[in-house]
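Asks: Sequence and predicted structure below; questions after.
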Amino acid sequence: MAEDRTDQPQARTSGLHIDTRLTQLGRAGVRKPGFVNPPLVRGSTVLHNSCAERREAGRHRLEQELIYGLLGTPTHFALEDALAAIEGGTRCQIVSSGLAAITVSLLAYLGSGDHCLVPDSVYGPTRHFCDTLLRQTGVETTYYVPTIDPDSLAALFRPNTKVLFLESPGSHTFEMQDVPALARVAHARGAAVLMDNTWGILFFQPFAHGVDVSIQALTKYVGGHSDIILGGIITARDTDWEKIRNASMTLGQYASPDDCWLALRGLRTLAARLKQHMESGLKVARWLAARAEVYQVLHPALPGAPGHAIWRRDYSGACSLFGVVFQPDIAEGSMIEMIDSLELFGIGASWGGFESLALPTTGTIRRTAAPPPLAGPAVRFHIGLEDPNDLIADLERAFKHLRRV
Ligand SMILES: *Cc1c(COP(=O)(O)O)cnc(C)c1O
């Protein structure tokens with residue numbers, strides 16, 4: 001089926017900066033006659049020239065071989081190639097959602113009698129999966145304090161610990177994890193290191209920091225327009241790849257090629273959008289940090305914020321999702337009134353789109369290893385592509401609702 005992939009990308013991308021690579025990956029080079037973008041391919045059945053050819057194709061199920069639509073189309077493969085390249089891994093499996101990328105990865109590595117270590121600050125639905133379906137398959141999960149030191153983490157390992165799961169920064173509370181140090185502990189004990197790198201996007205290179213499987217919810221900044229749900233898993237080593245690819249196929253995972261095509265389009269502007277998100281996010285974060293009503297801004301890229309030293313060491317930039325903790329004596333109800341009165345911030349889950357969002361954190365997070373590190377009522381902000389001065393003016397108006405108890 002090789003001829004079906006001749007319009008697949010092979011633009012030069014090595015040795016180029018990431019902004020340039022994002023314009024080249026997953027498409028043909030600039031000297032190839034034809035449209036700029038690869039076509040969108042939809043399909044279920046793939047026809048072969050002979051029975052022998054079909055049999056031969058089946059032997060390459062782990063590769064990007066055209067066998068059946070469920071196993072991928074050229075549109076999926078183009079996005080997979082691009083994403084593996086930006087994460088610094090070798091191969092990528094696109095699945096239906098960010099959450100599916102997490103559940104497929106955990107199921108690929110864990111089975112009855114196994115144990116896994118998961119940060120207490122993990123994305124809520126990941127915790128729910130570990131506490132329900134994963135537990136039903138006979139896997140035990142221990143939640144650890146996300147900022148744990150390596151020796152204390154080592155003490156939590158058991159002979160049957162197969163997976164160390166990481167997510168940095170933590171969902172809603174933004175704790176930064178020392179990924180290389182924690183990964184070393186896991187590898188010394190034969191466990192695999194899986195990481196939810198959705199916040200890190202282009203700014204954290206997971207495989208250079210000891211991660212074996214990196215997960216991103218493409219729903220967020222890669223999609224960038226709040227109009228797709230998509231997930232991706234990238235693996236660095238061939239042994240890991242087989243596990244991931246098999247688990248994805250066994251579970252019938254699939255993503256629409258239309259959504260993959262939109263994600264490819266999102267990649268072209270990702271670097272430019274992220275620069276603006278980062279700049280605006282930091283501008284709003286600095287304004288918030290200077291307000292008397294604010295106790296703490298949980299933005300790893302903000303000097304003085306928790307985890308800033310790790311961010312500076314390991315990250316080349318930051319997205320625009322962060323938390324704000326109000327003074328302990330700010331009435332929670334008044335914070336809710338403040339959020340309700342915002343005119344430019346939507347109230348909604350997810351993030352990474354062009355629009356700003358505000359979501360109360362208080363009362364929504366579940367912790368079992370230690371109490372949540374929030375001194376007062378808290379909110380999570382996503383800063384979109386609006387002019388940050390308009391956002392600050394909106395916040396300034398809304399802050400009039402805040403009251404001390
Ligand atoms: C949103 C999110 C996910 C899940 O992505 P979906 O595509 O919405 O399933 C996973 N991890 C993190 C950190 C997220 O923010």
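Replies: Cool, the structure landed. Quick caveat, the model's predicted, so the values are computed rather than measured.

Asks: Quick one: list the elements packing against the longest helix that the chain contains.
Replies: Longest helix in the chain, counting residues (DSSP state H): helix 257-289. Helix 257-289 sits against helix 18-24, helix 74-87, strand 294-298, strand 321-326, helix 388-398, with contacts defined as 3 or more Cβ pairs under 8 Å, 6 or more residues apart in numbering; DSSP states H and E. Bear in mind the C-beta positions are built from the backbone N, C-alpha and C, glycine included.

Asks: Looking at those, which is nearest to the ligand?
Replies: Closest of the helices and strands packed on helix 257-289 to the ligand is strand 321-326, at 7.9 Å (criterion: Cβ to the nearest ligand atom).

Asks: hmm, the longest helix of the chain in reach of the ligand?
Replies: No: Helix 257-289 does not reach the ligand (Cβ under 6 Å from any ligand atom); its nearest approach is 10.5 Å.

Asks: Run the angle between that helix and helix 74-87 for me.
Replies: 30 degrees (axes from the mean of the first three to the mean of the last three Cα atoms, to 10 degrees).

Asks: I figured G323 was touching S171, is that so?
Replies: No: with contacts counted by Cβ atoms under 8 Å, G323 stays clear of S171, the gap being 9.8 Å.

Asks: Now do the host helix or strand of A52: everything it contacts.
Replies: Here A52 sits within helix 51-58, counting by DSSP states H and E. Helix 51-58 has contacts (Cβ atoms under 8 Å, 6 or more residues apart in numbering) with M1, V46, H48, E65, L66, I67.

Asks: which ones are touching the residue in the chain positioned nearest to the ligand?
Replies: Nearest to the ligand in the chain, going by Cβ to the nearest ligand atom, is G98, at a distance of 2.2 Å. By Cβ under 8 Å, 6+ apart, the contact set of G98 is D196, T198, I215, Q216, A217, L218, T219, K220, I229, L230, G231.

Asks: Please tell me how far it sits from Q24.
Replies: 25 Å (Cβ to Cβ, to the nearest Å).

Asks: Ok, P360 next?
Replies: In terms of Cβ to Cβ, P360 sits 41 Å off from Q24.

Asks: and if you look at P303?
Replies: In terms of Cβ to Cβ, P303 sits 35 Å off from Q24.

Asks: Next to the ligand in this structure, residues from the stretch 201-350 of the chain, please.
Replies: So the stretch 201-350 of the chain meets the ligand at A217, T219, K220, I229, G231, S350 (Cβ under 6 Å from any ligand atom).

Asks: quick one: which of those is nearest P74?
Replies: G231 (19.4 Å; Cβ to Cβ).

Asks: in terms of contact, does that closest one touch S96 like I think?
Replies: Yes: G231 is in contact with S96 according to Cβ under 8 Å; the separation is 6.5 Å.

Asks: before we move on, the earlier item: among the contacts of G98, which pair sits farthest apart?
Replies: D196 and I229 (15.9 Å).
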